[in-house]
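Participant: sequence? don't have it. structure:
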Ligand SMILES: Cc1cc2nc3c(=O)[nH]c(=O)nc-3n(C[C@H](O)[C@H](O)[C@H](O)COP(=O)(O)OP(=O)(O)OC[C@H]3O[C@@H](n4cnc5c(N)ncnc54)[C@H](O)[C@@H]3O)c2cc1C
(Lines give C-alpha, C1' and ligand atoms only; values in the text may rest on other atoms or scores of the structure.)
Protein backbone atom coordinates (compact mmCIF):
# COMPACT_ATOMS: atom_id res chain seq x y z
CA UNK A 1 0.00 0.00 0.00
CA UNK A 2 1.52 3.36 -0.99
CA UNK A 3 1.54 6.45 1.22
CA UNK A 4 -1.30 8.92 0.69
CA UNK A 5 -2.71 12.01 2.34
CA UNK A 6 -6.35 12.56 3.32
CA UNK A 7 -7.79 15.91 2.27
CA UNK A 8 -11.06 17.26 3.69
CA UNK A 9 -12.26 19.87 1.19
CA UNK A 10 -14.14 22.96 2.41
CA UNK A 11 -16.87 22.73 -0.23
CA UNK A 12 -18.19 20.80 -3.20
CA UNK A 13 -16.39 22.94 -5.82
CA UNK A 14 -13.01 22.36 -4.12
CA UNK A 15 -13.75 18.62 -3.83
CA UNK A 16 -14.45 18.45 -7.56
CA UNK A 17 -11.27 20.40 -8.42
CA UNK A 18 -9.21 18.09 -6.21
CA UNK A 19 -10.75 14.97 -7.77
CA UNK A 20 -9.87 16.19 -11.27
CA UNK A 21 -6.16 15.82 -10.31
CA UNK A 22 -4.26 12.61 -11.08
CA UNK A 23 -4.03 10.22 -8.12
CA UNK A 24 -6.84 11.90 -6.16
CA UNK A 25 -9.66 9.50 -5.27
CA UNK A 26 -13.00 10.14 -3.49
CA UNK A 27 -13.49 8.64 -0.06
CA UNK A 28 -16.96 8.22 1.50
CA UNK A 29 -17.34 5.26 3.91
CA UNK A 30 -13.94 4.06 2.71
CA UNK A 31 -14.94 0.37 2.76
CA UNK A 32 -14.03 -0.35 -0.87
CA UNK A 33 -11.49 2.38 -1.54
CA UNK A 34 -9.29 1.20 1.37
CA UNK A 35 -9.65 -2.46 0.26
CA UNK A 36 -8.60 -1.54 -3.29
CA UNK A 37 -5.57 0.36 -1.98
CA UNK A 38 -4.54 -2.53 0.27
CA UNK A 39 -4.91 -4.92 -2.68
CA UNK A 40 -2.71 -2.65 -4.83
CA UNK A 41 -5.48 -2.17 -7.39
CA UNK A 42 -5.83 1.55 -6.58
CA UNK A 43 -2.76 3.64 -5.71
CA UNK A 44 -4.17 7.01 -4.64
CA UNK A 45 -1.76 9.80 -3.69
CA UNK A 46 -4.65 11.56 -1.91
CA UNK A 47 -8.06 10.52 -0.62
CA UNK A 48 -10.63 13.33 -0.86
CA UNK A 49 -13.03 12.97 2.06
CA UNK A 50 -16.61 13.65 0.93
CA UNK A 51 -18.29 13.02 4.29
CA UNK A 52 -18.48 16.61 5.57
CA UNK A 53 -20.00 18.10 2.41
CA UNK A 54 -23.51 19.30 3.24
CA UNK A 55 -24.82 18.89 -0.34
CA UNK A 56 -24.15 15.13 -0.08
CA UNK A 57 -25.81 14.45 3.27
CA UNK A 58 -29.26 13.54 4.52
CA UNK A 59 -32.37 11.63 3.54
CA UNK A 60 -35.64 13.39 2.79
CA UNK A 61 -39.12 12.41 1.61
CA UNK A 62 -40.36 15.63 0.04
CA UNK A 63 -43.97 16.88 0.21
CA UNK A 64 -44.34 15.81 -3.47
CA UNK A 65 -43.61 12.22 -2.38
CA UNK A 66 -40.18 12.23 -4.05
CA UNK A 67 -37.34 10.58 -2.10
CA UNK A 68 -33.91 12.25 -1.90
CA UNK A 69 -30.97 10.14 -0.73
CA UNK A 70 -27.80 12.17 -0.09
CA UNK A 71 -24.77 10.37 -1.55
CA UNK A 72 -23.15 10.08 1.90
CA UNK A 73 -26.33 8.78 3.59
CA UNK A 74 -25.39 5.51 5.26
CA UNK A 75 -26.84 2.18 4.17
CA UNK A 76 -28.07 1.60 7.75
CA UNK A 77 -29.99 4.92 7.65
CA UNK A 78 -31.64 3.91 4.35
CA UNK A 79 -32.52 0.44 5.68
CA UNK A 80 -34.09 1.78 8.88
CA UNK A 81 -35.89 4.89 7.58
CA UNK A 82 -39.63 4.39 8.32
CA UNK A 83 -40.89 6.25 5.21
CA UNK A 84 -38.47 4.38 2.91
CA UNK A 85 -39.54 1.07 4.41
CA UNK A 86 -43.20 1.93 3.88
CA UNK A 87 -43.16 3.64 0.48
CA UNK A 88 -39.90 2.54 -1.21
CA UNK A 89 -39.71 -0.92 0.35
CA UNK A 90 -37.34 -2.54 -2.17
CA UNK A 91 -34.72 0.17 -1.51
CA UNK A 92 -34.83 -0.29 2.28
CA UNK A 93 -34.69 -4.08 1.86
CA UNK A 94 -31.71 -3.92 -0.55
CA UNK A 95 -29.78 -1.65 1.86
CA UNK A 96 -30.71 -3.86 4.84
CA UNK A 97 -29.49 -7.05 3.10
CA UNK A 98 -26.07 -5.51 2.39
CA UNK A 99 -23.02 -6.90 4.19
CA UNK A 100 -22.96 -6.59 8.00
CA UNK A 101 -24.33 -4.04 10.48
CA UNK A 102 -20.81 -2.60 10.85
CA UNK A 103 -20.36 -2.16 7.08
CA UNK A 104 -23.87 -0.70 6.69
CA UNK A 105 -22.91 1.86 9.36
CA UNK A 106 -19.90 2.94 7.27
CA UNK A 107 -20.98 2.30 3.66
CA UNK A 108 -22.79 5.06 1.82
CA UNK A 109 -25.32 5.26 -1.01
CA UNK A 110 -22.77 6.73 -3.47
CA UNK A 111 -20.03 4.31 -2.44
CA UNK A 112 -22.35 1.32 -2.80
CA UNK A 113 -23.21 2.29 -6.40
CA UNK A 114 -19.54 2.94 -7.24
CA UNK A 115 -17.87 -0.06 -5.55
CA UNK A 116 -15.76 -2.12 -7.95
CA UNK A 117 -16.48 -5.73 -8.98
CA UNK A 118 -15.52 -8.59 -6.69
CA UNK A 119 -14.05 -10.79 -9.49
CA UNK A 120 -11.10 -12.63 -7.95
CA UNK A 121 -8.95 -12.10 -11.05
CA UNK A 122 -9.62 -8.34 -11.00
CA UNK A 123 -8.93 -8.19 -7.23
CA UNK A 124 -5.67 -10.15 -7.53
CA UNK A 125 -2.76 -7.68 -7.85
CA UNK A 126 -0.67 -10.31 -9.70
CA UNK A 127 -3.22 -10.76 -12.51
CA UNK A 128 -3.30 -8.21 -15.33
CA UNK A 129 -6.78 -8.99 -16.62
CA UNK A 130 -8.85 -7.26 -19.31
CA UNK A 131 -10.33 -4.85 -16.75
CA UNK A 132 -6.85 -3.69 -15.77
CA UNK A 133 -5.62 -3.13 -19.33
CA UNK A 134 -4.55 -6.72 -20.11
CA UNK A 135 -5.91 -8.68 -23.05
CA UNK A 136 -7.66 -11.63 -21.34
CA UNK A 137 -10.69 -12.16 -19.13
CA UNK A 138 -9.38 -15.11 -17.11
CA UNK A 139 -12.90 -16.03 -15.99
CA UNK A 140 -13.61 -17.41 -19.48
CA UNK A 141 -11.36 -20.45 -19.08
CA UNK A 142 -10.71 -20.19 -15.34
CA UNK A 143 -12.82 -20.18 -12.17
CA UNK A 144 -16.05 -18.51 -13.15
CA UNK A 145 -18.58 -19.68 -10.61
CA UNK A 146 -19.55 -16.14 -9.57
CA UNK A 147 -19.38 -14.44 -12.96
CA UNK A 148 -21.95 -13.21 -15.47
CA UNK A 149 -24.32 -15.78 -16.92
CA UNK A 150 -26.48 -13.33 -18.88
CA UNK A 151 -25.16 -10.75 -21.32
CA UNK A 152 -21.52 -10.93 -20.18
CA UNK A 153 -18.32 -10.26 -22.10
CA UNK A 154 -15.74 -9.39 -23.11
CA UNK A 155 -15.10 -9.17 -19.32
CA UNK A 156 -17.47 -11.39 -17.35
CA UNK A 157 -17.72 -9.34 -14.15
CA UNK A 158 -21.02 -8.73 -12.39
CA UNK A 159 -21.82 -5.51 -10.56
CA UNK A 160 -21.87 -6.10 -6.79
CA UNK A 161 -24.24 -3.29 -5.70
CA UNK A 162 -27.39 -4.31 -3.83
CA UNK A 163 -28.87 -0.83 -4.15
CA UNK A 164 -28.53 -0.55 -7.94
CA UNK A 165 -31.30 -3.02 -8.98
CA UNK A 166 -33.72 -1.65 -6.35
CA UNK A 167 -33.08 1.98 -7.30
CA UNK A 168 -33.40 1.21 -11.02
CA UNK A 169 -36.70 -0.64 -10.42
CA UNK A 170 -37.95 2.55 -8.70
CA UNK A 171 -36.78 4.76 -11.64
CA UNK A 172 -34.11 6.61 -9.65
CA UNK A 173 -31.65 9.08 -11.11
CA UNK A 174 -28.32 10.43 -9.84
CA UNK A 175 -27.37 14.09 -9.59
CA UNK A 176 -23.74 14.52 -10.57
CA UNK A 177 -21.63 17.64 -10.08
CA UNK A 178 -18.25 18.15 -11.74
CA UNK A 179 -16.00 20.54 -13.63
CA UNK A 180 -18.63 20.72 -16.41
CA UNK A 181 -21.45 21.73 -14.01
CA UNK A 182 -24.39 19.63 -12.85
CA UNK A 183 -26.09 16.81 -14.73
CA UNK A 184 -28.80 14.27 -13.95
CA UNK A 185 -28.54 10.67 -15.18
CA UNK A 186 -31.16 7.95 -14.87
CA UNK A 187 -29.42 5.12 -12.99
CA UNK A 188 -30.66 2.75 -15.69
CA UNK A 189 -28.28 4.57 -18.09
CA UNK A 190 -25.48 5.31 -15.58
CA UNK A 191 -23.81 1.89 -15.58
CA UNK A 192 -21.42 0.92 -18.41
CA UNK A 193 -21.32 -2.63 -19.73
CA UNK A 194 -17.96 -4.33 -20.39
CA UNK A 195 -18.94 -4.47 -24.07
CA UNK A 196 -18.75 -0.64 -24.11
CA UNK A 197 -15.60 -0.31 -21.98
CA UNK A 198 -14.23 -3.30 -20.03
CA UNK A 199 -12.15 -1.02 -17.77
CA UNK A 200 -15.04 0.86 -16.17
CA UNK A 201 -18.48 0.21 -14.69
CA UNK A 202 -20.11 3.63 -14.96
CA UNK A 203 -20.08 6.90 -16.84
CA UNK A 204 -18.65 9.11 -14.05
CA UNK A 205 -15.98 11.45 -15.46
CA UNK A 206 -12.83 12.86 -13.86
CA UNK A 207 -13.69 15.32 -11.06
CA UNK A 208 -17.36 14.29 -10.98
CA UNK A 209 -19.14 13.56 -7.69
CA UNK A 210 -22.54 11.96 -7.12
CA UNK A 211 -24.29 14.37 -4.77
CA UNK A 212 -27.68 12.66 -4.41
CA UNK A 213 -30.01 9.99 -5.75
CA UNK A 214 -33.58 11.04 -6.49
CA UNK A 215 -36.41 8.50 -6.55
CA UNK A 216 -39.58 9.92 -8.08
CA UNK A 217 -42.89 9.79 -6.22
CA UNK A 218 -44.96 6.77 -7.18
CA UNK A 219 -48.70 6.18 -6.79
CA UNK A 220 -49.78 4.59 -3.49
CA UNK A 221 -50.83 1.53 -5.54
CA UNK A 222 -47.15 0.72 -6.26
CA UNK A 223 -45.62 -2.08 -4.17
CA UNK A 224 -41.94 -3.02 -4.38
CA UNK A 225 -39.79 -5.84 -3.05
CA UNK A 226 -36.12 -6.88 -3.16
CA UNK A 227 -34.97 -10.50 -2.78
CA UNK A 228 -31.51 -12.03 -2.97
CA UNK A 229 -30.00 -15.50 -2.79
CA UNK A 230 -26.51 -15.81 -1.37
CA UNK A 231 -24.16 -18.59 -0.38
CA UNK A 232 -23.48 -17.50 3.22
CA UNK A 233 -26.53 -16.51 5.24
CA UNK A 234 -24.48 -14.37 7.68
CA UNK A 235 -23.21 -11.81 5.15
CA UNK A 236 -22.30 -12.08 1.52
CA UNK A 237 -22.82 -10.44 -1.84
CA UNK A 238 -25.83 -11.93 -3.63
CA UNK A 239 -25.38 -14.73 -6.17
CA UNK A 240 -28.57 -13.39 -7.76
CA UNK A 241 -30.93 -10.63 -6.77
CA UNK A 242 -34.20 -9.27 -8.06
CA UNK A 243 -36.00 -5.99 -7.42
CA UNK A 244 -39.60 -5.63 -8.51
CA UNK A 245 -41.99 -2.66 -8.52
CA UNK A 246 -45.61 -3.38 -9.44
CA UNK A 247 -48.48 -0.94 -9.83
CA UNK A 248 -51.81 -2.66 -9.21
CA UNK A 249 -54.90 -0.92 -7.85
CA UNK A 250 -56.31 -2.53 -4.67
CA UNK A 251 -58.53 -5.48 -5.65
CA UNK A 252 -57.70 -5.12 -9.37
CA UNK A 253 -56.86 -8.27 -11.34
CA UNK A 254 -54.56 -6.53 -13.81
CA UNK A 255 -51.19 -4.91 -13.28
CA UNK A 256 -50.85 -1.40 -14.74
CA UNK A 257 -47.08 -1.29 -14.72
CA UNK A 258 -44.30 -3.63 -13.65
CA UNK A 259 -40.54 -3.23 -13.53
CA UNK A 260 -38.34 -6.25 -12.79
CA UNK A 261 -34.58 -5.70 -12.45
CA UNK A 262 -32.17 -8.59 -11.92
CA UNK A 263 -28.75 -8.28 -10.31
C1 LIG B 1 -17.42 -8.19 3.77
C2 LIG B 1 -18.18 -7.27 2.86
C3 LIG B 1 -19.44 -7.65 2.40
C4 LIG B 1 -20.14 -6.82 1.55
N5 LIG B 1 -21.37 -7.23 1.09
C6 LIG B 1 -22.05 -6.43 0.24
C7 LIG B 1 -23.32 -6.82 -0.27
O8 LIG B 1 -23.87 -7.86 0.07
N9 LIG B 1 -23.95 -5.98 -1.15
C10 LIG B 1 -23.40 -4.79 -1.53
O11 LIG B 1 -24.02 -4.07 -2.29
N12 LIG B 1 -22.19 -4.41 -1.07
C13 LIG B 1 -21.52 -5.19 -0.19
N14 LIG B 1 -20.31 -4.78 0.29
C15 LIG B 1 -19.74 -3.57 -0.22
C16 LIG B 1 -20.04 -2.40 0.61
O17 LIG B 1 -21.43 -2.19 0.71
C18 LIG B 1 -19.41 -1.28 -0.18
O19 LIG B 1 -18.03 -1.44 -0.17
C20 LIG B 1 -19.73 0.00 0.36
O21 LIG B 1 -21.10 0.27 0.14
C22 LIG B 1 -18.89 1.08 -0.27
O23 LIG B 1 -19.35 2.23 0.29
P24 LIG B 1 -18.36 3.29 0.87
O25 LIG B 1 -19.17 4.46 1.22
O26 LIG B 1 -17.51 2.69 1.92
O27 LIG B 1 -17.51 3.61 -0.44
P28 LIG B 1 -15.99 4.03 -0.59
O29 LIG B 1 -15.12 2.86 -0.41
O30 LIG B 1 -15.69 5.26 0.18
O31 LIG B 1 -16.03 4.41 -2.14
C32 LIG B 1 -16.28 3.45 -3.14
C33 LIG B 1 -15.95 4.07 -4.51
O34 LIG B 1 -16.84 5.12 -4.80
C35 LIG B 1 -16.18 6.38 -4.95
N36 LIG B 1 -17.10 7.34 -4.33
C37 LIG B 1 -17.74 7.18 -3.14
N38 LIG B 1 -18.69 8.12 -3.00
C39 LIG B 1 -18.65 8.89 -4.12
C40 LIG B 1 -19.41 10.01 -4.57
N41 LIG B 1 -20.42 10.52 -3.85
N42 LIG B 1 -19.11 10.55 -5.77
C43 LIG B 1 -18.10 10.03 -6.52
N44 LIG B 1 -17.34 8.98 -6.15
C45 LIG B 1 -17.62 8.41 -4.95
C46 LIG B 1 -14.82 6.19 -4.30
O47 LIG B 1 -13.82 6.97 -4.91
C48 LIG B 1 -14.56 4.71 -4.56
O49 LIG B 1 -14.08 4.53 -5.87
C50 LIG B 1 -19.58 -5.58 1.16
C51 LIG B 1 -18.31 -5.19 1.63
C52 LIG B 1 -17.62 -6.02 2.47
C53 LIG B 1 -16.26 -5.57 2.94
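Facilitator: Yes, it's here. Note that the structure is predicted; figures quoted are calculated from it, not measured.
Participant: rest of the way, CA atoms for contacts and neighbours
Facilitator: Fine.
Participant: Give me the pLDDT for residue 232.
Facilitator: Looking at residue 232, its pLDDT reads 89.
Participant: hey, where'd the helices end up in the stretch 1-150 of the chain?
Facilitator: 12-19, 31-38, 75-80, 82-87, 89-96, 101-106, 109-114, 120-123 (DSSP state H, counting those that start in this stretch).
Participant: mind listing what the residue nearest the centre of the chain touches?
Facilitator: Centroid-nearest residue in the chain: residue 113, 0.9 Å away (criterion: C-alpha atoms, centre = their mean). For residue 113, the contact set (C-alpha atoms under 8 Å, 6 or more residues apart in numbering) comprises 161, 163, 164.
Participant: about what we covered before: so which of the helices of the stretch 1-150 of the chain comes closest to residue 61?
Facilitator: Between residue 61 and these, the shortest separation by C-alpha to C-alpha is 7.3 Å, and it involves helix 82-87.
Participant: Report the buried residues of that closest one.
Facilitator: 84, 85, 87 (16 or more other C-alpha atoms under 10 Å).
Participant: Give me the contacts around that helix.
Facilitator: Outside of helix 82-87, the residues within contact range by C-alpha under 8 Å, 6+ apart are 61, 78, 79, 91, 92, 93, 220, 223.
Participant: change it to 7 Å
Facilitator: By C-alpha atoms under 7 Å, 6 or more residues apart in numbering, the residues outside helix 82-87 that reach it are 78, 92.
Participant: got it, and stretch 64-72?
Facilitator: In contact with stretch 64-72 (C-alpha under 7 Å, 6+ apart) are residues 28, 51, 56-61, 108-110, 210-217.
Participant: how about a cut-off of 8 Å?
Facilitator: 28-29, 50-51, 55-62, 108-111, 210-218.
Participant: just the buried members of those?
Facilitator: Buried among those (16+ other C-alpha under 10 Å): 28-29, 50-51, 55-61, 108-111, 210-218.
Participant: Please flag which of the residues you listed sit within strands.
Facilitator: 59, 60, 61, 210, 211, 212, 213, 214, 215 (DSSP state E).
Participant: Next, give me the two most distant ones among those residues.
Facilitator: 61 and 210 (18.7 Å).
Participant: Next, count neighbours for residue 209.
Facilitator: Around residue 209 there are 25 other residues, counting by other C-alpha atoms under 10 Å.
Participant: tell me the contacts of it?
Facilitator: Residue 209 touches 16, 176, 177, 178, counting by C-alpha under 8 Å, 6+ apart.
Participant: Which one of these is nearest to residue 126?
Facilitator: For the contacts of residue 209, the nearest to residue 126 is residue 16 (32.0 Å; C-alpha to C-alpha).
Participant: The closest residue to that closest one other than its chain neighbours: what's it in contact with?
Facilitator: Nearest non-adjacent residue to residue 16, counting by C-alpha to C-alpha, 6 or more residues apart in numbering: residue 207, 4.8 Å away. Residues near residue 207 by C-alpha under 8 Å, 6+ apart: 15, 16, 17, 18, 19, 20, 21, 178, 179.
Participant: need the residues of the stretch 151-263 of the chain near the ligand, please.
Facilitator: Contacts of the stretch 151-263 of the chain with the ligand, taken as C-alpha under 6 Å from any ligand atom, map to 160, 161, 162, 209, 210, 211, 236, 237, 238.
Participant: Near the residue nearest to the first one when sequence neighbours are not counted, how many other residues are there?
Facilitator: Think residue 160. Distance criterion C-alpha to C-alpha, 6+ apart; nearest residue to residue 160, sequence neighbours excluded, is residue 117 at 5.8 Å. Residues contacting residue 117 under the criterion other C-alpha under 10 Å number 16.
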